[in-house]
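Asks: Just need the structure, nothing else, for what follows:
(one chain, ligands or ions: 1)
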Amino acid sequence: MMSTERVLFVDHTGQIGGAELILLDVVQGRSDSSAFLFEPGPLGNALSERGVPVVTSRWGRGLAQFRRDSSWLKALPLFGRLAAITVELARAVRRHDVVYANSQKAFVLSAIANLAARRPLIWHLHDIISPAHFGALQRRIQVFLANSFAAKVIVPSEAAASAFIDAGGRRSLVEVVPNGLAVEPVPVSRQELRQRLGLPTAPLVGVFSRLAQWKGQHVLIEALARLPGVHAIIVGDALFGEQAYAAELKRQVATLGLGDRVHFLGHRGDVPMLMQAVDAMVHPSIDPEPFGRTLVEAMLAGVPVIATDAGAAPDILEHGRAGMLVPPGDVGALAEALDHVLAEPELLKPQLDYASRRARTHYNLARMLESIGLLIRNVRAGAAA
Ligand code: UDP
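Replies: Sure thing, here's the model as predicted:
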């Protein structure tokens with residue numbers, strides 16, 4: 001169905017992370033809408049390919065790489081650029097009915113840019129608002145702006161909802177809309193897929209996330225040192241200024257002598273195929289995750305999941321019924337769980353069937369798009385009333 005609201009989708013990054021993959025689904029069929037991005041990159045190209053006109057700021061390049069531990073001195077020239085982006089954004093807002101901010105930085109600037117036009121503002125909050133990811137001032141600003149100016153805050157899980165409310169966010173603003181995916185497994189055997197993709201035939205596990213300390217790839221590498229003969233593919237790249245961590249991982253592999261068993265594949269566009277080729281998908285995040293698309297991707301692919309017991313993972317995996325849970329950062333527990341999953345795969349068959357059914361019903365793409373479509377319609381109608 002075509003949607004007639006003129007929505008301005010705003011994102012701070014030009015890269016395609018999990019939140020941006022969701023945005024690419026949400027914009028489908030919205031030919032009257034457009035996007036405002038702070039910087040050029042693959043996201044702008046992908047939006048254009050979907051027929052969404054994209055305005056790219058002249059001032060935002062590299063802002064996504066700015067980290068909260070950067071010094072104030074380094075931050076000073078940024079304020080001028082942020083002000084310039086806000087002016088550009090305010091101009092774009094006027095041509096739309098609804099503003100839809102898809103990231104924290106996009107929301108903060110959208111709230112300010114929208115002060116004059118006062119279009120209904122939706123924040124799709126894809127993060128856990130916690131001290132692990134945001135400084136105290138940042139959290140206060142986000143929550144103040146949300147409570148004062150957001151019409152709705154969409155979150156993908158109860159974990160993300162609680163974090164927002166605990167940080168002072170108004171409960172009545174929050175709508176939990178679980179992320180939805182639509183990936184069909186390909187009808188090819190695991191070994192044949194490995195041959196096609198040039199992957200080892202030995203026991204093989206995989207992690208599919210951008211490289212970032214809190215995503216915990218180092219925990220998997222350490223666990224692998226305790227599992228002789230097991231290989232791992234590390235899929236993903238340092239998208240948001242985590243290059244030092246990426247280099248650290250490679251050093252860790254060399255130090256542990258795992259060079260022939262750990263395979264860094266970089267960022268890939270064929271995750272569903274790679275996912276279906278592994279014997280287990282590991283989600284080793286050491287901080288709570290607001291969602292975890294890769295959990296659902298593995299469930300849909302019929303691949304066993306081992307995830308850390310924090311954030312949205314216990315919910316998605318139904319407290320162990322649809323996948324295994326291990327304590328975050330616990331190398332021994334992860335190695336043990338991997339050993340168990342690799343040793344007796346046939347015992348997991350009922351769990352995998354259950355997980356696949358659960359993914360199809362609870363994390364369904366059409367359902368997510370319907371819920372978000374309805375929210376957009378309602379906030380627009382509310383503003384017109
Ligand atoms: N992904 C990808 N290529 C890669 C690594 C990851 O396309 O090389 C995808 C992955 O399949 C998933 C998304 O990026 O759909 C990551 O989403 P998730 O919710 O797991 O984490 P986020 O990046 O949002 O923190």
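
Asks: ok now do residue 348, which residues does it touch?
Replies: Applying C-beta atoms under 8 Å, 6 or more residues apart in numbering to residue 348 gives the contacts 304, 341. Yep, even glycine has a C-beta here, placed from its N, CA and C like the rest.

Asks: and it, how far is that from residue 337?
Replies: With distances taken as C-beta to C-beta, to the nearest Å, residue 348 is found 12 Å from residue 337.

Asks: Contacts only, for the closest residue to the ligand within the stretch 1-150 of the chain.
Replies: Evaluated by C-beta to the nearest ligand atom, the stretch 1-150 of the chain has residue 18 as its residue closest to the ligand, separated by 2.0 Å. Residue 18 sits next to 126, 179, 291, 293 when contact means C-beta under 8 Å, 6+ apart.

Asks: and the closest residue to residue 271 other than its chain neighbours, bridged to which residues?
Replies: Of all residues not flanking residue 271 in the chain, residue 208 sits nearest, at 5.5 Å (C-beta to C-beta, 6 or more residues apart in numbering). Going by DSSP bridges, residue 208 is paired in beta bridges with residue 235.

Asks: Filter the contacts of residue 18 down to the ones in helices?
Replies: For the contacts of residue 18, membership in helices holds for residue 293, with DSSP state H as the criterion.

Asks: Kindly identify which of the contacts of residue 18 also come near the ligand.
Replies: Among the contacts of residue 18, the residues that sit close to the ligand (C-beta under 6 Å from any ligand atom) are 291, 293.

Asks: Neighbour-wise, which one of the contacts of residue 18 leads?
Replies: residue 291 (26 neighbours; other C-beta atoms under 10 Å).

Asks: got a list of what that residue touches?
Replies: Per C-beta under 8 Å, 6+ apart, neighbours of residue 291: 18, 126, 156-157, 160, 178-179, 311-312, 316.

Asks: Including pLDDT, could the residues you listed go into a markdown table?
Replies: Listed next are the contacts of residue 291 as a markdown table, based on pLDDT from 0 to 100:
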| residue | pLDDT |
| --- | --- |
| 18 | 95 |
| 126 | 98 |
| 156 | 98 |
| 157 | 98 |
| 160 | 98 |
| 178 | 98 |
| 179 | 98 |
| 311 | 97 |
| 312 | 98 |
| 316 | 98 |
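
Asks: Quick check: the residue of the stretch 1-150 of the chain closest to the ligand vs residue 210, distance?
Replies: For residue 18, the distance to residue 210 - C-beta to C-beta - is 8 Å.

Asks: Confirm for me that residue 250 is in contact with residue 264.
Replies: Yes: the pair residue 250 / residue 264 is scored as a contact, 7.0 Å apart, by C-beta atoms under 8 Å.

Asks: Which residue ranges of this structure form strands?
Replies: Using DSSP state E, the strands of the chain run over residues 7-11, 34-37, 54-56, 98-101, 121-124, 152-155, 174-176, 204-208, 231-235, 262-266, 280-283, 305-308, 324-326.

Asks: Just give the nearest non-adjacent residue to residue 145, would you?
Replies: Using C-beta to C-beta, 6+ apart, the nearest residue to residue 145 is residue 111, at 4.1 Å.

Asks: Distance check, the one you found against residue 302.
Replies: Residue 111 is 43 Å from residue 302, by C-beta to C-beta.

Asks: More neighbours: which of the two?
Replies: residue 111 (22 against 17).

Asks: residues contacting the more buried one?
Replies: 101, 121, 145-146, 148-150.

Asks: which of the residues you listed sit farthest apart?
Replies: By the measure C-beta to C-beta, 101 and 148 form the most distant pair in those, at 14.1 Å.
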